[in-house]
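1. can you look at this prediction? I've put the sequence above it.
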Amino acid sequence: MTASSFNVVPGLPILHSRDMINWTLVNHALPHISAMDGMPGGFFDSPQHGKGVWAPSIRHHNGEFYIYYGDPDFGIYMTKTKDPRGAWEPLTLVKPGKGLIDACPFWDTDGNAYLVHAYAGSRAGIKSLIAISRLSPDGKKAMGASKVVYDGHDLDPTIEGPKFYKRNGYYYIFAPGGGVATGWQTVLRSKEIFGPYDRKVVLAQGNTPVNGPHQGAWVDTPAGEHWFFHFQDVGAVGRIVHLQPMAWKSDWPVIGNDPDGDGLGSPVSVYKKPHLTKQEIANPHESDEFNNNRLGLQWQWQANPNDWWYYNDVQKGQLSLFSVPVPENYQNLWDVPNLLLQKIPANDFTATTKIKFLPETKLKAERTGILIMGMDYGLLSFNHDTDGFSLSQIECYGADKQKAEKVNQKVKIVDSVLYLRVQVRDGKHCVFSYSTDGNEFTAIGKPFSAREGRWIGAKLGIFCSRLKPLNDGGRAEFDYFRITK
(Lines give C-alpha, C1' and ligand atoms only; values in the text may rest on other atoms or scores of the structure.)
Protein backbone atom coordinates (compact mmCIF):
# COMPACT_ATOMS: atom_id res chain seq x y z
CA MET A 1 0.00 0.00 0.00
CA THR A 2 1.08 3.56 -0.58
CA ALA A 3 -0.50 6.93 0.18
CA SER A 4 -0.48 10.64 -0.58
CA SER A 5 2.49 12.37 1.01
CA PHE A 6 2.14 15.84 -0.56
CA ASN A 7 5.18 18.00 0.30
CA VAL A 8 6.70 15.99 3.13
CA VAL A 9 10.01 14.14 2.86
CA PRO A 10 10.58 11.24 2.63
CA GLY A 11 7.42 10.67 0.59
CA LEU A 12 5.37 7.84 -0.88
CA PRO A 13 5.30 5.55 2.18
CA ILE A 14 5.44 1.83 1.42
CA LEU A 15 3.35 -0.34 3.75
CA HIS A 16 3.22 -4.14 3.81
CA SER A 17 0.71 -6.64 5.15
CA ARG A 18 -0.08 -10.36 4.79
CA ASP A 19 -3.60 -10.16 6.24
CA MET A 20 -4.71 -6.70 4.96
CA ILE A 21 -5.43 -5.73 8.59
CA ASN A 22 -2.03 -5.26 10.21
CA TRP A 23 0.21 -2.98 8.19
CA THR A 24 3.90 -2.19 8.68
CA LEU A 25 5.71 0.81 7.24
CA VAL A 26 8.74 -0.69 5.47
CA ASN A 27 10.13 2.04 3.22
CA HIS A 28 9.55 5.26 1.31
CA ALA A 29 9.74 5.29 -2.47
CA LEU A 30 10.60 9.00 -2.62
CA PRO A 31 13.63 9.94 -0.48
CA HIS A 32 13.52 13.56 -1.64
CA ILE A 33 11.66 15.79 -4.10
CA SER A 34 14.22 17.85 -5.93
CA ALA A 35 14.77 19.24 -9.43
CA MET A 36 12.96 16.46 -11.26
CA ASP A 37 11.75 16.68 -14.82
CA GLY A 38 9.17 19.43 -15.04
CA MET A 39 10.00 20.96 -11.64
CA PRO A 40 12.09 24.06 -10.96
CA GLY A 41 15.20 23.38 -8.93
CA GLY A 42 14.72 23.76 -5.21
CA PHE A 43 10.93 24.01 -5.39
CA PHE A 44 10.43 21.53 -2.54
CA ASP A 45 13.33 22.86 -0.46
CA SER A 46 10.77 25.06 1.29
CA PRO A 47 7.38 23.88 2.58
CA GLN A 48 4.81 23.58 -0.22
CA HIS A 49 1.79 22.63 1.86
CA GLY A 50 -0.80 20.62 -0.04
CA LYS A 51 1.35 20.37 -3.17
CA GLY A 52 3.48 17.51 -4.46
CA VAL A 53 2.34 13.88 -4.23
CA TRP A 54 -1.42 13.55 -4.73
CA ALA A 55 -3.34 10.24 -4.58
CA PRO A 56 -0.86 7.63 -5.83
CA SER A 57 -1.68 4.14 -7.07
CA ILE A 58 0.57 1.10 -6.72
CA ARG A 59 0.51 -1.78 -9.20
CA HIS A 60 2.51 -4.96 -9.85
CA HIS A 61 3.31 -5.71 -13.52
CA ASN A 62 5.87 -8.03 -15.12
CA GLY A 63 7.74 -8.59 -11.87
CA GLU A 64 7.97 -4.91 -10.95
CA PHE A 65 6.05 -2.60 -8.62
CA TYR A 66 4.92 0.70 -10.14
CA ILE A 67 3.69 3.83 -8.40
CA TYR A 68 1.98 6.62 -10.34
CA TYR A 69 0.87 9.93 -8.87
CA GLY A 70 -0.25 13.32 -10.08
CA ASP A 71 1.47 16.50 -9.01
CA PRO A 72 -1.17 19.17 -9.67
CA ASP A 73 1.45 21.74 -10.65
CA PHE A 74 3.70 19.70 -12.94
CA GLY A 75 2.11 16.48 -14.18
CA ILE A 76 1.93 12.74 -13.64
CA TYR A 77 5.02 10.93 -12.37
CA MET A 78 6.04 7.29 -12.08
CA THR A 79 8.61 5.31 -10.11
CA LYS A 80 9.18 1.56 -10.04
CA THR A 81 11.25 -1.19 -8.43
CA LYS A 82 11.61 -4.96 -8.22
CA ASP A 83 12.08 -4.75 -4.45
CA PRO A 84 9.64 -2.46 -2.57
CA ARG A 85 11.94 -2.47 0.47
CA GLY A 86 14.91 -1.36 -1.62
CA ALA A 87 15.66 1.62 -3.82
CA TRP A 88 13.01 2.93 -6.21
CA GLU A 89 13.95 4.39 -9.57
CA PRO A 90 14.16 8.18 -9.97
CA LEU A 91 10.85 9.69 -10.98
CA THR A 92 9.83 9.71 -14.63
CA LEU A 93 7.51 12.45 -15.91
CA VAL A 94 4.86 10.37 -17.68
CA LYS A 95 2.49 13.14 -18.69
CA PRO A 96 3.32 16.83 -18.18
CA GLY A 97 0.48 19.22 -17.51
CA LYS A 98 -1.13 21.44 -14.94
CA GLY A 99 -4.01 20.04 -12.91
CA LEU A 100 -3.46 16.35 -13.77
CA ILE A 101 -4.06 14.29 -10.62
CA ASP A 102 -4.96 10.88 -9.20
CA ALA A 103 -3.31 8.69 -11.82
CA CYS A 104 -3.70 4.91 -12.14
CA PRO A 105 -2.20 2.67 -14.87
CA PHE A 106 -3.78 -0.37 -16.51
CA TRP A 107 -2.14 -3.04 -18.69
CA ASP A 108 -4.70 -4.84 -20.84
CA THR A 109 -4.55 -8.49 -21.85
CA ASP A 110 -3.61 -7.52 -25.43
CA GLY A 111 -0.45 -5.77 -24.24
CA ASN A 112 -1.76 -2.23 -24.57
CA ALA A 113 -1.42 0.09 -21.60
CA TYR A 114 -3.57 2.99 -20.43
CA LEU A 115 -3.62 5.68 -17.77
CA VAL A 116 -6.73 7.04 -16.06
CA HIS A 117 -6.64 10.35 -14.21
CA ALA A 118 -8.71 13.23 -12.87
CA TYR A 119 -8.37 17.02 -12.89
CA ALA A 120 -7.73 19.51 -10.08
CA GLY A 121 -9.99 22.51 -10.57
CA SER A 122 -7.56 24.79 -8.75
CA ARG A 123 -4.95 24.27 -11.50
CA ALA A 124 -6.72 22.91 -14.56
CA GLY A 125 -9.68 25.27 -14.36
CA ILE A 126 -12.00 22.27 -14.56
CA LYS A 127 -12.84 19.35 -12.28
CA SER A 128 -15.42 16.53 -12.00
CA LEU A 129 -14.02 14.81 -15.11
CA ILE A 130 -12.38 11.40 -15.58
CA ALA A 131 -10.04 10.92 -18.55
CA ILE A 132 -7.99 8.12 -20.09
CA SER A 133 -4.72 8.35 -21.99
CA ARG A 134 -2.85 5.69 -23.91
CA LEU A 135 0.37 4.65 -22.19
CA SER A 136 3.57 3.22 -23.61
CA PRO A 137 3.92 -0.50 -22.77
CA ASP A 138 6.85 0.24 -20.48
CA GLY A 139 4.64 2.65 -18.55
CA LYS A 140 6.96 5.62 -18.94
CA LYS A 141 5.11 7.91 -21.35
CA ALA A 142 1.52 8.88 -22.00
CA MET A 143 0.86 8.84 -25.74
CA GLY A 144 -1.34 11.50 -27.27
CA ALA A 145 -4.07 13.53 -25.67
CA SER A 146 -6.28 12.28 -22.88
CA LYS A 147 -9.91 11.52 -23.72
CA VAL A 148 -12.61 12.48 -21.22
CA VAL A 149 -14.74 9.37 -20.62
CA TYR A 150 -17.00 10.63 -17.83
CA ASP A 151 -18.47 13.99 -16.83
CA GLY A 152 -19.51 13.98 -13.19
CA HIS A 153 -20.78 17.54 -12.92
CA ASP A 154 -24.45 16.53 -12.74
CA LEU A 155 -24.34 13.34 -10.67
CA ASP A 156 -20.83 13.06 -9.19
CA PRO A 157 -19.39 16.53 -8.57
CA THR A 158 -15.66 16.55 -7.78
CA ILE A 159 -15.30 12.94 -8.96
CA GLU A 160 -11.64 11.99 -8.61
CA GLY A 161 -9.28 9.27 -7.36
CA PRO A 162 -9.97 6.78 -10.20
CA LYS A 163 -8.71 3.18 -10.05
CA PHE A 164 -8.69 1.07 -13.25
CA TYR A 165 -9.60 -2.66 -13.53
CA LYS A 166 -10.90 -5.29 -15.93
CA ARG A 167 -13.19 -8.22 -15.11
CA ASN A 168 -15.41 -10.51 -17.19
CA GLY A 169 -14.88 -8.40 -20.30
CA TYR A 170 -15.81 -5.13 -18.59
CA TYR A 171 -13.51 -2.22 -17.89
CA TYR A 172 -14.16 -0.67 -14.47
CA ILE A 173 -13.23 2.70 -13.04
CA PHE A 174 -13.79 3.04 -9.30
CA ALA A 175 -13.93 6.75 -8.43
CA PRO A 176 -15.38 8.69 -5.46
CA GLY A 177 -17.70 11.62 -6.06
CA GLY A 178 -19.20 14.31 -3.87
CA GLY A 179 -16.09 15.46 -2.02
CA VAL A 180 -13.68 13.97 0.51
CA ALA A 181 -15.72 14.48 3.68
CA THR A 182 -19.25 14.07 2.31
CA GLY A 183 -19.08 11.93 -0.81
CA TRP A 184 -19.77 8.40 -2.03
CA GLN A 185 -18.14 5.70 -4.11
CA THR A 186 -19.08 5.56 -7.79
CA VAL A 187 -18.19 2.75 -10.20
CA LEU A 188 -18.12 3.19 -13.99
CA ARG A 189 -18.41 0.17 -16.31
CA SER A 190 -17.93 -0.32 -20.05
CA LYS A 191 -17.12 -2.99 -22.64
CA GLU A 192 -14.84 -0.50 -24.41
CA ILE A 193 -11.79 1.11 -22.85
CA PHE A 194 -12.80 4.63 -23.95
CA GLY A 195 -16.49 4.11 -23.17
CA PRO A 196 -19.28 4.93 -23.10
CA TYR A 197 -19.41 4.07 -19.39
CA ASP A 198 -22.44 3.16 -17.31
CA ARG A 199 -22.54 4.54 -13.79
CA LYS A 200 -23.61 3.16 -10.42
CA VAL A 201 -23.13 4.36 -6.82
CA VAL A 202 -22.03 1.30 -4.83
CA LEU A 203 -21.06 2.65 -1.38
CA ALA A 204 -22.27 5.62 0.69
CA GLN A 205 -22.29 6.68 4.33
CA GLY A 206 -25.93 5.84 4.91
CA ASN A 207 -26.76 5.77 8.62
CA THR A 208 -23.19 4.97 9.65
CA PRO A 209 -20.66 7.33 11.27
CA VAL A 210 -18.22 6.73 8.38
CA ASN A 211 -18.31 9.88 6.28
CA GLY A 212 -16.86 9.87 2.81
CA PRO A 213 -16.12 7.04 1.97
CA HIS A 214 -13.31 8.13 -0.32
CA GLN A 215 -10.49 7.04 -2.65
CA GLY A 216 -11.33 3.36 -2.82
CA ALA A 217 -9.43 0.38 -4.23
CA TRP A 218 -10.56 -3.19 -5.00
CA VAL A 219 -8.36 -6.13 -3.93
CA ASP A 220 -8.98 -9.82 -4.59
CA THR A 221 -7.23 -12.62 -2.70
CA PRO A 222 -6.00 -16.14 -3.58
CA ALA A 223 -8.92 -17.53 -1.57
CA GLY A 224 -11.36 -15.90 -3.99
CA GLU A 225 -12.49 -13.14 -1.63
CA HIS A 226 -13.01 -9.54 -2.68
CA TRP A 227 -12.31 -6.51 -0.50
CA PHE A 228 -12.44 -2.77 -0.81
CA PHE A 229 -10.12 -0.24 0.84
CA HIS A 230 -11.12 3.39 1.33
CA PHE A 231 -10.38 6.23 3.71
CA GLN A 232 -12.46 8.38 6.02
CA ASP A 233 -11.55 12.01 6.69
CA VAL A 234 -11.66 12.66 10.45
CA GLY A 235 -10.16 16.14 10.66
CA ALA A 236 -7.15 16.58 12.91
CA VAL A 237 -6.60 12.82 13.30
CA GLY A 238 -6.21 12.53 9.53
CA ARG A 239 -7.57 10.13 6.96
CA ILE A 240 -8.20 6.67 8.40
CA VAL A 241 -8.14 3.55 6.22
CA HIS A 242 -11.15 1.20 6.27
CA LEU A 243 -11.55 -2.29 4.80
CA GLN A 244 -14.95 -3.36 3.47
CA PRO A 245 -16.22 -6.76 2.33
CA MET A 246 -17.08 -6.84 -1.36
CA ALA A 247 -18.93 -9.20 -3.70
CA TRP A 248 -20.03 -9.18 -7.35
CA LYS A 249 -23.64 -9.22 -8.48
CA SER A 250 -24.63 -8.94 -12.15
CA ASP A 251 -21.09 -7.73 -12.89
CA TRP A 252 -21.39 -4.81 -10.45
CA PRO A 253 -19.48 -4.66 -7.14
CA VAL A 254 -21.52 -4.77 -3.92
CA ILE A 255 -19.54 -3.21 -1.08
CA GLY A 256 -20.11 -3.16 2.68
CA ASN A 257 -23.51 -3.87 4.16
CA ASP A 258 -26.43 -4.07 1.70
CA PRO A 259 -29.42 -5.52 3.61
CA ASP A 260 -32.07 -4.49 1.07
CA GLY A 261 -30.10 -5.86 -1.88
CA ASP A 262 -30.33 -2.71 -4.02
CA GLY A 263 -26.57 -2.73 -4.69
CA LEU A 264 -25.87 0.40 -2.63
CA GLY A 265 -23.89 -0.61 0.44
CA SER A 266 -22.82 1.24 3.56
CA PRO A 267 -19.59 0.81 5.56
CA VAL A 268 -19.41 -1.94 8.18
CA SER A 269 -17.87 -1.29 11.59
CA VAL A 270 -17.11 -4.95 12.46
CA TYR A 271 -16.53 -7.87 10.12
CA LYS A 272 -14.67 -11.17 9.92
CA LYS A 273 -11.06 -10.90 8.80
CA PRO A 274 -9.95 -11.90 5.30
CA HIS A 275 -9.09 -15.58 4.80
CA LEU A 276 -5.36 -14.96 4.59
CA THR A 277 -2.13 -15.86 6.38
CA LYS A 278 -2.41 -15.05 10.06
CA GLN A 279 -0.20 -12.19 11.13
CA GLU A 280 0.80 -10.78 14.47
CA ILE A 281 -0.76 -7.49 15.47
CA ALA A 282 1.35 -4.67 14.03
CA ASN A 283 1.20 -1.13 15.33
CA PRO A 284 2.36 1.90 13.36
CA HIS A 285 5.83 3.27 14.04
CA GLU A 286 5.42 5.81 16.85
CA SER A 287 7.90 5.91 19.76
CA ASP A 288 11.61 6.27 19.05
CA GLU A 289 14.51 5.66 21.43
CA PHE A 290 16.93 7.01 18.79
CA ASN A 291 19.21 3.98 19.10
CA ASN A 292 19.66 3.48 15.33
CA ASN A 293 21.95 5.28 12.93
CA ARG A 294 19.08 6.62 10.84
CA LEU A 295 15.74 8.27 11.48
CA GLY A 296 12.76 6.02 12.10
CA LEU A 297 10.44 5.57 9.15
CA GLN A 298 7.65 7.44 10.97
CA TRP A 299 9.53 10.75 10.75
CA GLN A 300 9.10 13.22 7.89
CA TRP A 301 10.34 16.75 7.27
CA GLN A 302 8.19 19.62 6.00
CA ALA A 303 10.52 19.98 2.98
CA ASN A 304 13.69 18.52 1.51
CA PRO A 305 16.19 18.36 4.38
CA ASN A 306 19.82 19.36 4.34
CA ASP A 307 22.20 16.57 5.34
CA TRP A 308 23.42 18.42 8.43
CA TRP A 309 20.06 19.08 10.08
CA TYR A 310 20.35 16.03 12.33
CA TYR A 311 22.76 13.44 13.70
CA ASN A 312 21.91 9.99 15.05
CA ASP A 313 24.41 9.33 17.83
CA VAL A 314 24.13 5.57 18.25
CA GLN A 315 26.70 5.44 21.04
CA LYS A 316 24.68 7.87 23.17
CA GLY A 317 21.30 6.63 21.93
CA GLN A 318 20.07 10.09 21.07
CA LEU A 319 19.09 12.31 18.18
CA SER A 320 20.71 15.70 17.75
CA LEU A 321 18.78 18.37 15.90
CA PHE A 322 21.02 21.27 14.95
CA SER A 323 19.43 24.70 14.95
CA VAL A 324 18.49 25.80 11.44
CA PRO A 325 18.09 29.50 10.57
CA VAL A 326 14.47 30.39 9.93
CA PRO A 327 13.58 31.52 6.39
CA GLU A 328 13.64 35.13 5.29
CA ASN A 329 10.40 36.97 6.02
CA TYR A 330 9.69 34.42 8.75
CA GLN A 331 6.21 34.67 10.28
CA ASN A 332 5.66 31.36 12.03
CA LEU A 333 6.50 27.64 11.85
CA TRP A 334 4.22 27.06 8.84
CA ASP A 335 7.12 28.18 6.62
CA VAL A 336 9.91 26.38 8.52
CA PRO A 337 11.22 23.32 6.63
CA ASN A 338 13.10 21.58 9.46
CA LEU A 339 10.12 20.42 11.52
CA LEU A 340 10.55 16.69 12.16
CA LEU A 341 7.01 15.32 12.34
CA GLN A 342 4.97 12.12 12.37
CA LYS A 343 1.28 11.34 12.01
CA ILE A 344 -1.15 11.59 14.93
CA PRO A 345 -1.25 7.95 16.15
CA ALA A 346 -4.70 7.81 17.79
CA ASN A 347 -7.57 9.82 19.22
CA ASP A 348 -6.10 9.57 22.73
CA PHE A 349 -2.38 9.47 23.49
CA THR A 350 0.46 11.14 25.35
CA ALA A 351 3.80 12.11 23.78
CA THR A 352 6.84 12.73 25.98
CA THR A 353 10.38 13.67 25.05
CA LYS A 354 13.57 14.41 26.99
CA ILE A 355 15.65 17.29 25.65
CA LYS A 356 19.09 18.60 26.49
CA PHE A 357 19.39 22.05 24.92
CA LEU A 358 22.92 23.17 23.98
CA PRO A 359 22.52 26.60 22.35
CA GLU A 360 25.22 28.66 20.72
CA THR A 361 25.78 31.29 23.41
CA LYS A 362 26.57 34.07 20.91
CA LEU A 363 23.20 33.79 19.21
CA LYS A 364 20.83 34.54 22.11
CA ALA A 365 17.90 33.56 19.89
CA GLU A 366 17.46 29.79 19.57
CA ARG A 367 14.67 27.43 20.50
CA THR A 368 13.63 23.81 20.43
CA GLY A 369 10.58 21.91 21.61
CA ILE A 370 7.59 19.70 20.94
CA LEU A 371 4.56 20.67 18.87
CA ILE A 372 1.22 19.70 17.36
CA MET A 373 1.34 21.05 13.82
CA GLY A 374 -1.43 21.92 11.38
CA MET A 375 -3.02 25.00 9.88
CA ASP A 376 -3.13 25.98 13.55
CA TYR A 377 -0.41 24.79 15.89
CA GLY A 378 0.46 24.60 19.56
CA LEU A 379 3.88 24.03 21.07
CA LEU A 380 6.16 23.99 24.04
CA SER A 381 9.09 26.21 23.10
CA PHE A 382 12.33 25.68 25.05
CA ASN A 383 14.12 28.99 24.50
CA HIS A 384 17.55 30.49 24.99
CA ASP A 385 17.93 34.26 24.71
CA THR A 386 19.60 37.18 26.50
CA ASP A 387 17.85 36.17 29.74
CA GLY A 388 19.02 32.55 29.57
CA PHE A 389 16.72 29.53 29.40
CA SER A 390 12.93 29.74 29.46
CA LEU A 391 9.94 27.65 28.48
CA SER A 392 6.90 29.05 26.68
CA GLN A 393 3.57 27.48 25.83
CA ILE A 394 2.57 28.98 22.50
CA GLU A 395 -0.42 28.84 20.20
CA CYS A 396 -0.73 29.99 16.61
CA TYR A 397 -4.23 30.01 15.20
CA GLY A 398 -4.23 30.73 11.48
CA ALA A 399 -0.64 29.70 10.87
CA ASP A 400 -1.43 29.06 7.21
CA LYS A 401 -2.67 32.67 7.01
CA GLN A 402 0.65 34.00 8.37
CA LYS A 403 -0.81 34.82 11.78
CA ALA A 404 1.61 35.49 14.63
CA GLU A 405 2.33 33.21 17.57
CA LYS A 406 0.83 34.02 20.96
CA VAL A 407 2.64 33.18 24.20
CA ASN A 408 0.14 31.93 26.77
CA GLN A 409 2.65 31.36 29.59
CA LYS A 410 6.39 31.68 30.02
CA VAL A 411 8.48 30.33 32.89
CA LYS A 412 12.15 30.69 33.78
CA ILE A 413 14.22 27.51 33.43
CA VAL A 414 17.50 26.96 35.27
CA ASP A 415 18.81 23.73 33.74
CA SER A 416 19.43 22.83 30.10
CA VAL A 417 17.54 19.53 30.46
CA LEU A 418 13.74 19.32 30.32
CA TYR A 419 11.04 16.71 29.82
CA LEU A 420 8.27 18.00 27.56
CA ARG A 421 4.86 16.43 27.15
CA VAL A 422 1.63 16.88 25.24
CA GLN A 423 -1.51 14.93 26.11
CA VAL A 424 -4.13 14.60 23.36
CA ARG A 425 -7.72 13.54 23.94
CA ASP A 426 -10.65 13.10 21.52
CA GLY A 427 -8.33 13.69 18.60
CA LYS A 428 -7.89 17.40 19.19
CA HIS A 429 -7.83 18.54 22.85
CA CYS A 430 -4.15 19.12 23.70
CA VAL A 431 -2.65 19.93 27.10
CA PHE A 432 1.06 20.72 27.42
CA SER A 433 3.20 20.07 30.50
CA TYR A 434 6.86 19.90 31.52
CA SER A 435 9.10 18.33 34.13
CA THR A 436 12.63 18.79 35.42
CA ASP A 437 12.98 15.21 36.70
CA GLY A 438 10.75 13.15 34.39
CA ASN A 439 8.37 12.23 37.22
CA GLU A 440 6.32 15.23 38.27
CA PHE A 441 4.84 17.17 35.34
CA THR A 442 3.41 20.69 35.58
CA ALA A 443 0.76 21.90 33.15
CA ILE A 444 1.62 25.14 31.38
CA GLY A 445 -0.34 27.62 29.31
CA LYS A 446 -3.76 26.95 27.83
CA PRO A 447 -5.35 23.87 26.24
CA PHE A 448 -4.91 23.85 22.48
CA SER A 449 -7.40 22.58 19.90
CA ALA A 450 -5.60 20.70 17.12
CA ARG A 451 -6.50 21.42 13.51
CA GLU A 452 -5.70 19.46 10.37
CA GLY A 453 -3.03 20.48 7.90
CA ARG A 454 -3.49 21.01 4.15
CA TRP A 455 -5.20 17.79 2.98
CA ILE A 456 -3.70 15.89 5.93
CA GLY A 457 -4.32 15.46 9.65
CA ALA A 458 -2.42 17.36 12.30
CA LYS A 459 1.10 16.10 12.94
CA LEU A 460 3.26 15.69 16.01
CA GLY A 461 6.96 16.28 16.42
CA ILE A 462 10.07 18.22 17.36
CA PHE A 463 12.30 20.95 15.99
CA CYS A 464 15.31 23.21 16.64
CA SER A 465 15.74 26.64 15.05
CA ARG A 466 17.52 29.99 15.30
CA LEU A 467 16.64 33.50 14.24
CA LYS A 468 20.07 34.60 12.98
CA PRO A 469 22.10 32.79 10.32
CA LEU A 470 25.67 33.17 11.74
CA ASN A 471 28.21 30.53 10.72
CA ASP A 472 27.26 28.03 13.43
CA GLY A 473 24.48 27.26 15.84
CA GLY A 474 23.53 25.16 18.81
CA ARG A 475 21.71 21.84 19.03
CA ALA A 476 19.06 19.95 20.95
CA GLU A 477 19.77 16.38 22.03
CA PHE A 478 16.64 14.20 22.21
CA ASP A 479 17.08 11.12 24.37
CA TYR A 480 13.74 9.62 23.32
CA PHE A 481 10.29 10.34 21.95
CA ARG A 482 7.65 8.10 23.56
CA ILE A 483 3.98 7.60 22.73
CA THR A 484 1.83 6.18 25.54
CA LYS A 485 -1.89 6.01 26.24
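-> That came in fine, so what should we check first?

2. drop to CA atoms for contacts and neighbour counts, all remaining ones
-> Will do.

3. residue boundaries of the helices in the stretch 51-200 of the chain?
-> With DSSP state H, counting those that start in this stretch as the criterion, the stretch 51-200 of the chain has helices at 121-124.

4. show me where pLDDT drops low in it?
-> Within the stretch 51-200 of the chain, no range satisfies pLDDT under 70.

5. please enumerate the strands of it.
-> Per DSSP state E, counting those that start in this stretch, the stretch 51-200 of the chain carries strands over the ranges 54-61, 64-71, 75-81, 92-96, 100-107, 113-119, 129-135, 142-151, 163-167, 170-177, 184-190, 198-203.

6. and Phe382, which of those is closest to it?
-> strand 54-61 (35.0 Å; C-alpha to C-alpha).

7. what's the closest one packed up against?
-> If contacts are counted by 3 or more C-alpha pairs under 8 Å, 6 or more residues apart in numbering; DSSP states H and E, strand 54-61 sits against strand 64-71, strand 100-107.

8. relative orientation of the first one and strand 100-107 in degrees?
-> Spelled out, that is strand 64-71. 160 degrees (axes from the mean of the first three to the mean of the last three C-alpha atoms, to 10 degrees).

9. paired strands for strand 64-71, with orientation please.
-> strand 54-61 (antiparallel), strand 75-81 (antiparallel) (DSSP bridges).

10. and for the last one?
-> Sheet pairing of strand 100-107 (DSSP bridges) gives strand 113-119 (antiparallel).

11. so the partner strand versus strand 142-151, what angle?
-> Going by the same axes, to 10 degrees, strand 113-119 makes 50 degrees with strand 142-151.

12. strand 113-119 to strand 129-135, inter-axis angle?
-> 150 degrees.

13. just give me how far strand 113-119 sits from the chain centre.
-> 22 Å (C-alpha atoms, centre = their mean, to the nearest Å).

14. for stretch 214-225, same thing?
-> 22 Å.

15. which residues sit against it?
-> Applying C-alpha atoms under 8 Å, 6 or more residues apart in numbering, the external contacts of stretch 214-225 come out as 160-163, 174-176, 180-181, 183-185, 226-232, 246-247, 274-276.

16. weed out the non-buried ones from those.
-> 160-163, 174-176, 180-181, 183-185, 226-232, 246, 274 (16 or more other C-alpha atoms under 10 Å).

17. before we move on, the earlier item: need the helices and strands packed on strand 54-61 in a markdown table (columns: distance to Trp308 and mean neighbour count).
-> A markdown table is the format used below for these (distance: least, C-alpha to C-alpha, whole Å; neighbours: other C-alpha atoms under 10 Å):
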| stretch | distance to Trp308 | mean neighbour count |
| --- | --- | --- |
| strand 64-71 | 28 | 24 |
| strand 100-107 | 34 | 26 |
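
18. in TSV, list those strands along with distance to Thr221.
-> As requested, the helices and strands packed on strand 54-61 are exported to TSV (distance: least, C-alpha to C-alpha, whole Å):
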stretch	distance to Thr221
strand 64-71	18
strand 100-107	19
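
19. which of the strands paired with strand 64-71 is buried the deepest?
-> strand 75-81 (a mean of 24; mean count of other C-alpha atoms under 10 Å).

20. that strand versus strand 92-96: what angle between them?
-> Using the same axes, to 10 degrees: strand 75-81 against strand 92-96 is 150 degrees.

21. how far is strand 75-81 from where the chain is centred?
-> 17 Å.

22. go on, stretch 255-264?
-> 31 Å.

23. what mean pLDDT would you report for it?
-> Averaged across stretch 255-264, the pLDDT comes to 97.

24. show me which positions of that stretch end up buried.
-> Quick answer for stretch 255-264 (16+ other C-alpha under 10 Å): 255-258, 263-264.

25. for Phe44, helix, strand, or coil?
-> When classified by DSSP: H, G, I helix; E, B strand; the rest coil, Phe44 comes out as helix.

26. pretty sure it contacts Pro10?
-> No. At 11.5 Å, Phe44 does not count as touching Pro10 under the criterion of C-alpha atoms under 8 Å.

27. hey, what's in contact with both of the two?
-> Residues touching both Phe44 and Pro10 (C-alpha under 8 Å, 6+ apart): Asn304.

28. from Val417, how far out is Ile281?
-> Distance of Ile281 to Val417, given as C-alpha to C-alpha, to the nearest Å: 36 Å.

29. of the two, which one has the most company?
-> Val417 (19 against 9; other C-alpha atoms under 10 Å).

30. ok, and the closest non-adjacent residue to the more buried one?
-> Distances taken as C-alpha to C-alpha, 6 or more residues apart in numbering place Lys356 nearest to Val417, at 4.4 Å, with adjacent residues excluded.

31. what's the answer for Ser287, then?
-> Nearest non-adjacent residue to Ser287 (C-alpha to C-alpha, 6+ apart): Arg482, at 4.4 Å.

32. what pairs with the one you found across the strands?
-> Thr352.

33. contacts only, for it.
-> 286-289, 351-353.

34. let's see it at 6 Å
-> Going by C-alpha atoms under 6 Å, 6 or more residues apart in numbering, Arg482 touches 287, 351-352.

35. for those, give me a markdown table that also has pLDDT.
-> Supplementary listing: these in a markdown table, determined by pLDDT from 0 to 100:
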| residue | pLDDT |
| --- | --- |
| Ser287 | 97 |
| Ala351 | 98 |
| Thr352 | 98 |
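
36. quick one, domains of the chain?
-> 11-255, 300-484 (automatic domain parsing).

37. follow-up on the earlier one: I figured the residue nearest to Val417 hits Glu477, correct?
-> Yes. Shown here, Lys356 and Glu477 form a contact pair, counting by C-alpha atoms under 6 Å, at 5.0 Å.
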